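**Student:** my questions concern the predicted model and sequence given below.
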Amino acid sequence: MCHFLGWCEAFLLDPKGRDAIELSPDEILEIAARFNMPKLYQKAVEITGQGMQYLQAWAVVGDGSNRLDSDIL
């Protein structure tokens, strides 16, 4: 099983491999995290981070507790 995961990671690290199977960076990130592929995870985080347009941040509660002020959290 170990060799198979190594081959999969090498295939997904190759840009031609990723394009051949048409996976989004989010899907590759999930695969890397689920199957413990550290090199692929690092590359997927890099690609996902570069593709982000914005990041929504919530206001911090003013009581000094360092909590975020959001109803959805």
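**Tutor:** Nice, thanks for sending it over.

**Student:** wait, F35 sits on L12?
**Tutor:** No: F35 is beyond contact range of L12, at 10.1 Å (criterion: C-beta atoms under 8 Å). Yep, even glycine has a C-beta here, placed from its N, CA and C like the rest.

**Student:** confirm that I28 sits in a helix.
**Tutor:** Yes: under DSSP: H, G, I helix; E, B strand; the rest coil, I28 sits within a helix.

**Student:** quick one: residues contacting it.
**Tutor:** L12, R18, L40, A44, I47 (C-beta atoms under 8 Å, 6 or more residues apart in numbering).

**Student:** L12 too?
**Tutor:** So L12 contacts R18, L23, I28, I31, A32, M37, L40 (C-beta under 8 Å, 6+ apart).

**Student:** min pLDDT across those residues, which one?
**Tutor:** Within these, the minimum per-residue pLDDT falls on R18 (70).

**Student:** what stretches of the chain score poorly on pLDDT?
**Tutor:** Scanning the chain for pLDDT under 70 picks out 1-2, 52-73.

**Student:** circling back to that earlier point, in helices only, show me the contacts of I28.
**Tutor:** Among these, the ones falling in helices (DSSP state H) are L12, R18, L40, A44, I47.

**Student:** in contact with the nearest residue to the first one once chain neighbours are set aside, which residues are there?
**Tutor:** For L12, ignoring the flanking residues on the chain, the nearest one in space by C-beta to C-beta, 6 or more residues apart in numbering is L40 at 5.3 Å. Contact analysis of L40 by C-beta under 8 Å, 6+ apart lists E9, L12, L13, I28, I31, A32.
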